[in-house]
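Q: Task: produce atomic coordinates for the following.
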Amino acid sequence: MAIQRILIVDDSPTERYYLTDILVKHGFSVTTADNGEEALARIKADKPQLILMDVVMPGANGFQVTRSIARDPELQDVPVIICSSKNQETDRIWGLRQGAKDYLVKPVDAAELLAKIAALG
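A: Next up, the predicted model:
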């Protein structure tokens, strides 16, 4: 089943706009959350087919929220791609260990993002 509904979780309005713009232009339906707590509420309400997760946010960070999603039986089938400015290999490995399916470093390349989404779908 092709991915249509995507949730973007990022505390930066600029980053949310940038990612939303790319995805909407390619036919995706996008909702956003600006922190981890809002993201968890939105995931339960809307059940997106993919989550793009920032790491550095106020409150729960993206690694913590990804781990919560991966451990929740109702949510664990929703794939998470971490999109972070944290560009160390250890960050990438840690993100994948928390349950993320992939890890992209900001600024996110549009073609690479769309290829990763297509691979998951």
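Q: going forward, measure contacts between C-alpha atoms and count neighbours the same way
A: Noted.
Q: Contacts for the helix of greatest length in the chain, please.
A: Across the chain, the longest stretch assigned as helix under DSSP state H is helix 13-25. Applying C-alpha atoms under 8 Å, 6 or more residues apart in numbering, the external contacts of helix 13-25 come out as 8-10, 29-30, 32, 34, 110.
Q: what's the angle from whichever helix or strand comes after it to helix 13-25?
A: Following helix 13-25 in sequence order, the next helix or strand is strand 29-33 (DSSP states H and E). Put simply, strand 29-33 runs at 160 degrees to helix 13-25, going by axes from the mean of the first three to the mean of the last three C-alpha atoms, to 10 degrees.
Q: Show the average pLDDT along strand 29-33.
A: For strand 29-33, mean pLDDT rounds to 97.
Q: Can I get that strand in PDB, CA atoms only?
A: C-alpha atoms of strand 29-33 as PDB (Å, rounded to 0.1, in the frame of the first residue of the first chain):
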ATOM      1  CA  SER A  29      -1.500  14.500   2.700                       C
ATOM      2  CA  VAL A  30       0.500  16.200   5.500                       C
ATOM      3  CA  THR A  31      -0.200  17.000   9.100                       C
ATOM      4  CA  THR A  32       2.300  18.500  11.500                       C
ATOM      5  CA  ALA A  33       3.200  18.600  15.200                       C
END
